[in-house]
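Enquirer: starting from these lines, generate the structure:
(one chain, ligands or ions: 1)
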Amino acid sequence: MPTPSMEDYIEQIYLLIEEKGYARVSDIAEALKVHPSSVTKMVQKLDKDDYLIYEKYRGLILTPKGKKVGKRLVDRHELLEQFLRVIGVDEKHIYEDVEGIEHHLSWDAIDRIGDLVQFFEDEQSRVEALKEIQKNKSED
Ligand SMILES: [Mn+2]
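Expert: Coordinates of the predicted model:
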């Protein structure tokens, strides 16, 4: 299993490749707000662990394993954003909150949160009922 830090890199590399078709060390460094030398080090580790193939002057590509894990991490991030949105968390907190929790939940918890999101999305009245509770609390 990748560590939280490895997960951040794989997730970001997957997103960059999805958006631009490639992921350069400088782009990864900028996205993760780290020094390019840290990126080079991590990318070498990810290469060794078979998540990607890195060639110094040609850039990097994800292996099938890297793609699979990357997609799962991006989906998890999106699900957690959906979850926070559906329970009424203020938009300005959503991204940072997800970054803070995404590496620290079991896949079991992620799947159960997925069920809960579906529970709300299946019936708009459930979302309204939750809003009603929140409205009453804020009036206390
Ligand atoms: Mn994330």
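
Enquirer: what number of residues lie near Leu130?
Expert: For Leu130, the count of nearby residues is 14 (other CB atoms under 10 Å). Yep, even glycine has a C-beta here, placed from its N, CA and C like the rest.

Enquirer: could you check how far the residue nearest to the spatial centre of the chain is from Ile101?
Expert: Against the mean C-alpha coordinate of the chain, by CA atoms, centre = their mean, the closest residue is His77 at 3.2 Å. Counting by CB to CB, to the nearest Å, the separation of His77 from Ile101 is 10 Å.

Enquirer: pull out the buried residues from the longest helix along the chain.
Expert: Longest helix of the chain, by residue count under DSSP state H: helix 64-86. By neighbour count, and taking 16 or more other CB atoms under 10 Å as the criterion, the buried residues in helix 64-86 are 66-67, 69-70, 72-74, 76-77, 79-84, 86.

Enquirer: cool, and stretch 86-95?
Expert: Neighbour-count burial for stretch 86-95, counted by 16+ other CB under 10 Å, picks out 86, 94.

Enquirer: next, the distance between the ends of that stretch.
Expert: The first and last residues of stretch 86-95 sit 14 Å apart, counting by CA to CA, to the nearest Å.

Enquirer: kindly report the same for stretch 57-65.
Expert: For stretch 57-65, the separation between the terminal residues is 23 Å (CA to CA).

Enquirer: in it, what counts as buried?
Expert: Those buried within stretch 57-65 under the rule 16+ other CB under 10 Å are 59-60, 62.

Enquirer: and which of those residues is nearest to Ser37?
Expert: Nearest to Ser37 among the buried residues of stretch 57-65, counting by CB to CB, is Leu60 at 15.6 Å.

Enquirer: confirm that closest one sits in a strand?
Expert: Yes. The assignment for Leu60 (DSSP: H, G, I helix; E, B strand; the rest coil) places it in a strand.

Enquirer: which residues are in contact with it?
Expert: Neighbour list for Leu60: 13, 23, 43, 47, 52-54 [criterion: CB atoms under 8 Å, 6 or more residues apart in numbering].

Enquirer: cool, thanks, talk later.
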